[in-house]
Each structure stands twice: as structure tokens, then as C-alpha cells.
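A.B. asks: Next come a sequence and a model predicted from it.
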Protein chains: 2
Amino acid sequence: MPPAAGQFAPAPASPPIGLIDHWCLTRLSRALWGAPVRVELWNGMIATLGDAPPVATVFIKDRPTLMRLLVRPALAFGEAYVADRLRVDGDLVEMLAGVNHALAGRPYQHPWTGASGASASDARENVHVHYDLGNDFYALWLDGSMTYTCAYFERDDATLEEAQRVKLDYVCRKLRLRPGETVIEAGCGWGALARHMARHYGVTVRAFNISQAQLAYARERTAREGLADRVTFVDADYRAIDGECDAFVSVGMLEHVGHDHYPLLGTVMNRVLHPDHGRGLVHFIGRNAPMEFNPWIARHIFPGAYAPALSEVMPDVFEAHNFSVLDVENLRRHYATTLRHWLDRFESHVTEIRGRFDDAFVRTWRLYLASAQACFTSGDLQLFQIVFDRPASDRMPPTRQGLYGAGGDGRV
Amino acid sequence: MPPAAGQFAPAPASPPIGLIDHWCLTRLSRALWGAPVRVELWNGMIATLGDAPPVATVFIKDRPTLMRLLVRPALAFGEAYVADRLRVDGDLVEMLAGVNHALAGRPYQHPWTGASGASASDARENVHVHYDLGNDFYALWLDGSMTYTCAYFERDDATLEEAQRVKLDYVCRKLRLRPGETVIEAGCGWGALARHMARHYGVTVRAFNISQAQLAYARERTAREGLADRVTFVDADYRAIDGECDAFVSVGMLEHVGHDHYPLLGTVMNRVLHPDHGRGLVHFIGRNAPMEFNPWIARHIFPGAYAPALSEVMPDVFEAHNFSVLDVENLRRHYATTLRHWLDRFESHVTEIRGRFDDAFVRTWRLYLASAQACFTSGDLQLFQIVFDRPASDRMPPTRQGLYGAGGDGRV
């Protein structure tokens, strides 16, 4: 239980203003009670938030920032951190995970506030803001395949390169791709999965994306690697996907679709998948329960994004079309590890990144990567891979044993 | 497309009555168009329902039966079959699967009609009707462990005994049981899983059931096998489950809980599971989309039962308590195989069963087992195993590899 007030050092400020600051700090302490954090104000006031040894000190540099933190904590924290009106000394990831843990079990905020699915033109703008920052920037801290989604660590000490390669293969194996089949990929990033499928599984891929920078990179690299005859990149939104395929795959796009548009996504999948044996895999960041997306991330990192609970994707994406869900796997901890690698690489290139952008950009990206790592560590975010099939298809093996044995089932 | 009328042989009946019969048969033919079935009436009228070669002839013995089939087809079919007012010559399972296939994609009936969850006293009565038919009866066609839920066939040609043993072990492995842990089992049947967990994984089990016949059998056998110190059977409904445990498991009970009572089940799971590392497995018959339970099964086999879609179980059973869903596996085809074994064994003891009960009983159980096999074959029913955990627990391994390698992970 929090005490009536936090455990404060003496306040040197003059009484009236000092009382306001004291009151604000008390409220903040209560809100975050139990987090392993020490809070220090510009005026020297200090609070610890419970018995846990602090892993970091949050230094709040002025009164308006303190007051904003009480009103819209998540947004204010991110914006103040980026504006350097608040500093974190210590382990940022551990601190954020500790705050999540302290907040766990408290009432959820109402879901979907301000994240209801982007129109096709908004989607282009949203994607542009994030994914068109420059391929060189992403190349600094992603693995060599340019895979910007959760990796799969068969061993904890696998390298990021290895874990991403294994993940790409895992997706192909879950889909049981066979030579000569056709695949549609919705939201293909820089094309790593499309190339992997074509190269190692002998399939023909049509990969859709609306990021111009990613498309340019994907086309150039795919041609250079001699795969252009088997991989076509299409500059179109998922809504415009046409044709027919044996397998549909989407890795890391559903988060951008938005809850209002799940029926559209389901309709597209149903339209393009072979009516008898068409199957698919959808991989996305989700939640244990419906909950608002972090408002700072939603405003500054991924406009229009939403991480759904399983109950939110099931009805419109799968059930409306009688798709049979065969396999749901939660790779939460793999994403925490993936993000740890990304953040480490980001930090090792921070001088270069700061020179190319600015300090605020570095703080934005550091906080984004650190808070994502913290959320996957604390269990506030999940990573779901869902494999689905037509209801009466018997093409997929009845057990998962082939996924974990030796040798790449179906691999050419 | 169905023609204006089915393909009929000449009708020998007198014109007016013959016209009514003709009209009814036409309607029936349209409703089932595409099914590999030949329909023959008492008066010699015959219809085939499309181009598929018939796998069976449905012989309708009188006009009231024909008319009832048009009004409430699923209920009327079952009741007429049991009353011997309708006969199926040919392969019953293939015929039922073919009908399901022909009906696939047609509009669903409204869900939950007449299946809204039994009160505790109704639940006792519902369970009594089915599970207290006599242990000797079930022993005739279940495997030696008396496991009355979907088996797991690592190989297609595994025996039922082997597939049930592997299933029990698979459940333990998915739960990553460790020696000394405590397990609560809700709905334990004749105690096969409870004994398997205690014997091979060194855990202590409290197993709940409200079938008196099953409880008596379970207690006697468990004592005889020297496991009574580690397995306690409790005569109580899932609502009354108390205590605390490391793992919660329920195999084949959720179907009896009823949609209205899912919040109660979730609350019980949350109450008994260790707050930090408590995890569980729920195994149940489900659907690809919300749909009414077969009304004949709901009335005559499993009163109060309901097979939910994933969207129906997620909110109240898991999300309301912030449980983290780690793994969903659909074992649909394993249940089709399990039911084939059960039906084969049932038929091989049919004389004995008829002697003990009567013809109507034999037809009831034959149709129940055959229609269940048909539904799992055609994709009208699913079998979901859901593994869940507390949100921030890292006790469960991050990959499934240990489930499929050699050696029983955790087995003692």
C-alpha cells in the first residue's frame, strides 16, 4: 500500500509553490507506486516509489512537465523525454518494464481511443512517416536481411542475423510452402520474407507495400539477387490486393490496419485464397486484453496503429469467412530479445544517427525501442502468429512435428 | 445449381398426395443439394442430390417424417433415425460428412439457441444423463485408460491406446509440469489424466467431477494403482473449485459449461492459479465461427452443451483476467480419427450393447459417434487446446521445441 505521501527528502522550495510540487509528486508517486524508480525534481525534491531498489532516476526538469505527467502520463512522459524536459539516468528498459509491472492489474484504459483504422490515403501517409526515414538508417541496426519484425531465437544466444533467418524459415514451414505454389504477401517491408520464400521454397510471390523507400530497396535487391522472376513487388495497399494464391502471409502489417478495417482484411484474404486449400499466416503485435495503444507511440511512432487482443481479430479476420484457425503461437519473449538486439545496435551507431538527424530523433527512437522491449518483457505486449486454413482442407499435416524436426520440410 | 426439381424416378402414388410428396422431396433435395446421397421414400419416389455418386441411401419410411425433415432438419433426422422411421443404407459417416460439405458456406443459424449454460443443479442432471450410463458401457469402446476425449495420433496408424497415452503426455508436456507441483483438474472423467500426471510427472492433483459413476471408478482405480496419496477426487462442480495450484487443466469440460458461464470459469481459473506462475490448458470442442450446437445432439446426447468459436471463449475465460494465451492448437483431424476408433469398437460390441440397452439406444449412439466423426472430418467442429500463462511469467520455455524432441520434458 502506498503511504499517504511518498518518501520525500526535505523540500528546499518556498512553502506555497513547494506545497504544489509536493502534492504533484505525491500523486505521481501513488500512480506509479511499486515501480523501481527514483523521481527527482528540478528543485531537489526526491521520491522513491516503494521498496524496490531503483533501477533508474527520472529527473523532471520543470513544473509544467511534472503537471502534464499527472494528466496524460504516457504521452507526457514520451514528449518530455524527447524534448529533454525529463531525463532518465539508469536503465531505461528496466525502468519502463518496472513501471509496467507496477501498473499491471490496474484498470485498463478504454480501447481504441484515437486508433480506429486508417483510410487508404492516411495509411500511405502513416507508413511514409515511419518507413520512409531512409533505408540507410534502418540498415544501421536491423540485420542484414532487413527484417523489421520479431525474430525467432531457437537459442537465447543466437545472433540477430541467425534468429531472423530462422524466423523467415519458420514462417515458410508453418505455411508448408511447396515448390510451384503462389504466395501473396501483404506488407512486405524490404522484401526479406518474399526473397526467402522464393529462394528456399520455390514459390512465386506477389508482395504488396505502400512504402516507396522500401519498395525501391526491395526491387533493387531482389533483382540483384536474381529473384525478380519469382517475386513481384506491387505498390498497393492491402485493400487493393487481387489475384489468387495458395498461401497468404502478412508479417507485421495487421497493427497498421486498425480495428475498423479488420472486416476488409478478412474479405481480402477470403477473396484471394484458393477456395479449397488456401491457407495463411498472420503475424502481429497483440495484447492479452483489449487496451488502448500507448498514446505516445500512436502519435509519434506509428500513427493509426493498434495492437489487438485475440478476441478482436477472430470475428472479422477469420470467423466471418469460416477460416479454420490451426495454430496460434505467442512469441512475446522473442520480441523482447529482438528489441534488445535492435536497441544495442542502435546505441552502437548513435553518433552517426545523431549526426544525420538530431538529438530529439535519437531520444525518440531510443524511447520507442526501449519501451517496446519493456512491454514485451513485462507482458504488456504480445506477438501472435496465427496459421489458418480453409475449413475442410487436409493439406496441412495433422501434427506440428515436422516444424521442429531436422531439415526444412518442403525446403528446396 | 440445383435444378427446379431433383432427378426423380416416376412417382407411383396417386396424383394429389403424390404431388405433396413430390413437392416435399424437391424441397429436401434443394436443401441438401450437392450431398452424395440418394433419398428414397416409402412410396418408391427417389431423388439424387447432384452429380456426386451416392455413398448412402436415406430411406424415409413415412410422410410425417419427410415433412418434419423440412421444418427442423437436424433434429428430425436424428429423432427419425433413432425411432427407425428413417434408415441409412451405406456409409453413415461419409454421408453425414458429405451433407456437411454440401451445406458449407450456407448461412449459419443463430448461435446459442437453447444452449445458454446450465445451473449447477442442471449441470449435475445433464452430466448424469450422459456419463452415468454405466462404466462398463464406456469400457467396451474406450481405450483401457478410459479417456473420453480427443486422442493425439503422432502417426496415423497408431492404436487408440497409444494415441490416448500420447495425448495425456502431450497435455502434461504442454503444461511443463514439474515434480512437486500442484494441479487442479476440472472435469476429470474416469481420472486417466489425473493418474497420468501423478504417475509420470510427480505432481499432486485435485480432480473435480460431478458424475457419480465416474468418481466411483476413478477413486477405486486410482487407489488400486497406488496413486491415492497424490490424486484426490472431489465431488464438486467447477464453480466450487477452491485452493491454489501451479497448473489448471480442463480437458473436454468447457463444452458443458455453456456460454453464459464462461465468466465464472475464468474467475475460477484466476482464483486458483498461482498469481505469478500459474498456467493452464483448456481443451474443448469448438467451431470456426459462432453457430448453434446441433439440436439433436443438444437435446438427446449433451443437454446444455455448446461448442464455442475462439472469439467466444477469449473475452471471459482469458482476457478478463489478463491471462496470456501462449499456444492454440487445433486437433480437429485427431478427433475424427479418435471417433473412427470409437465407432469401430462400438460396432464390434453392438450385440452386447443392444442386449444391455435396446435398438433405439444403439441407433442413438451410432448416430452420435458417426455425426461427430463426420463433423470433425468436414471441418464443422474443431478441437482446440489452449495453453495460457500469467502475463509476466517466464517459466514456460520460449519455444515449442521441447514438445517435439526426444524424451518427456519434465517426466519423472
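C.D. replies: Good, I have the coordinates.

A.B. asks: I'd guessed residue A:35 sits against residue A:55; true?
C.D. replies: No. Taking contacts as Cβ atoms under 8 Å, residue A:35 lies outside contact range of residue A:55: 9.1 Å. The way it works is simple: take the backbone N, C-alpha and C, and place the C-beta from them, glycine included.

A.B. asks: Of the two, give the one with the bigger neighbour count.
C.D. replies: Applying other Cβ atoms under 10 Å in any protein chain shown to residue A:35 and residue A:55 shows that residue A:35 carries more neighbours, namely 26 against 19.

A.B. asks: residues in contact with the more buried one?
C.D. replies: A:49-50, A:52, A:95, A:98-99, A:101-103 (Cβ atoms under 8 Å, 6 or more residues apart in numbering or on different chains).

A.B. asks: Kindly provide the whole-number mean pLDDT of stretch A:264-277.
C.D. replies: The pLDDT scores in stretch A:264-277 average 97.

A.B. asks: Leaving out the residues flanking it, which one is nearest to residue A:311?
C.D. replies: residue B:314 (3.8 Å; Cβ to Cβ, 6 or more residues apart in numbering or on different chains).

A.B. asks: Okay, that neighbour and residue B:330: tell me how far apart.
C.D. replies: 15 Å (Cβ to Cβ, to the nearest Å).

A.B. asks: just the strands in the stretch 201-350 of chain A please.
C.D. replies: For the stretch 201-350 of chain A, the strands defined by DSSP state E, counting those that start in this stretch occupy A:204-209, A:231-235, A:247-251, A:279-286, A:324-330.

A.B. asks: Test of understanding: give the bridge partners of the most centrally placed residue in chain A.
C.D. replies: Taking Cα atoms, centre = their mean, the centroid of chain A lies closest to residue A:285, which sits 5.4 Å from it. For residue A:285, the beta-bridge partners are residue A:383 (DSSP bridges).

A.B. asks: check contacts around it.
C.D. replies: A:252, A:255, A:307, A:335, A:381-384.

A.B. asks: can the residues you listed go into CSV with extra columns for pLDDT, neighbour count and distance to residue B:226?
C.D. replies: Shown next, in CSV, are the contacts of residue A:285 (pLDDT from 0 to 100; neighbours: other Cβ atoms under 10 Å in any protein chain shown; distance: Cβ to Cβ, whole Å):
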residue, pLDDT, neighbour count, distance to residue B:226
A:252, 97, 19, 53
A:255, 95, 20, 53
A:307, 96, 27, 50
A:335, 98, 23, 46
A:381, 96, 24, 47
A:382, 98, 24, 42
A:383, 98, 23, 44
A:384, 98, 24, 43
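
A.B. asks: out of those residues, who's nearest chain B?
C.D. replies: Closest approach between those and chain B, by Cβ to the nearest Cβ: residue A:382, at 6.5 Å.

A.B. asks: Residue B:324 is in contact with that closest one, correct?
C.D. replies: Yes. Residue A:382 lies in contact with residue B:324 (Cβ under 8 Å); the separation is 6.5 Å.

A.B. asks: Need the overlap of contacts for the two.
C.D. replies: Counting by Cβ under 8 Å, 6+ apart, the residues touching both residue A:382 and residue B:324 are A:288, A:330, A:332.

A.B. asks: ok, so what distance separates the last one from chain B?
C.D. replies: For residue A:332, the distance to chain B (Cβ to the nearest Cβ, to the nearest Å) stands at 7 Å.

A.B. asks: ok, that residue touching residue A:379?
C.D. replies: Yes. Between residue A:332 and residue A:379 there is a contact under Cβ under 8 Å: 6.7 Å.

A.B. asks: between those two, which one's more packed in?
C.D. replies: Counted by other Cβ under 10 Å, residue A:332 and residue A:379 do not tie: residue A:332 has more neighbours, with 28 against 25.

A.B. asks: The closest residue to that one other than its chain neighbours: what's it in contact with?
C.D. replies: Ranked by Cβ to Cβ, 6+ apart and with sequence neighbours excluded, the top spatial neighbour of residue A:332 is residue A:382, at 5.0 Å. Listed by Cβ under 8 Å, 6+ apart, the contact set of residue A:382 reads A:285-288, A:307, A:330, A:332, A:376, B:324-325.

A.B. asks: mind giving me JSON lines with the contacts of residue A:285 and columns for distance to residue A:320?
C.D. replies: Below are these laid out as JSON lines (distance: Cβ to Cβ, whole Å):
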{"residue": "A:252", "distance to residue A:320": "23"}
{"residue": "A:255", "distance to residue A:320": "20"}
{"residue": "A:307", "distance to residue A:320": "21"}
{"residue": "A:335", "distance to residue A:320": "28"}
{"residue": "A:381", "distance to residue A:320": "26"}
{"residue": "A:382", "distance to residue A:320": "23"}
{"residue": "A:383", "distance to residue A:320": "24"}
{"residue": "A:384", "distance to residue A:320": "18"}
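
A.B. asks: Just name the closest of these to residue B:230, please.
C.D. replies: Residue B:230 has its nearest neighbour among the contacts of residue A:285 in residue A:382, at 34.6 Å by Cβ to Cβ.

A.B. asks: now that closest one: how far from residue A:369?
C.D. replies: 18 Å.

A.B. asks: Please apply the same query to residue A:215.
C.D. replies: 24 Å.

A.B. asks: same check, this time on residue A:286
C.D. replies: 19 Å.

A.B. asks: try residue A:78
C.D. replies: For residue A:78, the distance to residue A:369 - Cβ to Cβ - is 13 Å.

A.B. asks: now do residue A:324
C.D. replies: Residue A:324 is 36 Å from residue A:369, by Cβ to Cβ.

A.B. asks: How about the contacts made by the residue nearest to residue A:168 when sequence neighbours are not counted?
C.D. replies: Closest residue to residue A:168 apart from its sequence neighbours, by Cβ to Cβ, 6+ apart: residue A:196 at 4.1 Å. Counting by Cβ under 8 Å, 6+ apart, residue A:196 touches A:145, A:165, A:168-169, A:172.

A.B. asks: So residue A:196, which state does it fall into?
C.D. replies: Following DSSP: H, G, I helix; E, B strand; the rest coil, residue A:196 is assigned to helix.

A.B. asks: picking that back up, of the contacts of residue A:35, which ones also sit close to chain B?
C.D. replies: residue A:101 (Cβ under 8 Å from any Cβ of the partner chain).

A.B. asks: Pull the helix or strand residue A:402 falls within out as CSV, backbone CA atoms only.
C.D. replies: Residue A:402 belongs to helix A:401-404 when assigned by DSSP states H and E. Taking Å, rounded to 0.1, in the frame of the first residue of the first chain, the C-alpha atoms of helix A:401-404 are listed here in CSV:
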residue,chain,number,x,y,z
GLN,A,401,6.2,-32.4,-35.5
GLY,A,402,7.6,-31.5,-38.9
LEU,A,403,8.1,-28.0,-37.7
TYR,A,404,10.6,-28.9,-35.1
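
A.B. asks: is it up against chain B anywhere?
C.D. replies: Yes. Helix A:401-404 reaches chain B (Cβ under 8 Å from any Cβ) through A:401, A:403-404.

A.B. asks: in a strand, that's where residue A:169 is, yeah?
C.D. replies: No. Counting by three-state DSSP, residue A:169 is not found in a strand; it is helix.

A.B. asks: Does it touch residue A:200 like I think?
C.D. replies: Yes. Counting by Cβ under 8 Å, residue A:169 does reach residue A:200; the two are 7.0 Å apart.

A.B. asks: What are the boundaries of the helices in the stretch 251-400 of chain A?
C.D. replies: A:254-257, A:262-272, A:295-300, A:310-313, A:332-348, A:350-356, A:359-378 (DSSP state H, counting those that start in this stretch).

A.B. asks: Of all the ones you listed, which one is nearest residue B:21?
C.D. replies: Counting by Cβ to Cβ, residue B:21 lies closest to helix A:262-272 out of those; the figure is 39.9 Å.

A.B. asks: just checking, what packs against the closest one?
C.D. replies: strand A:182-186, helix A:254-257 (3 or more Cβ pairs under 8 Å, 6 or more residues apart in numbering or on different chains; DSSP states H and E).
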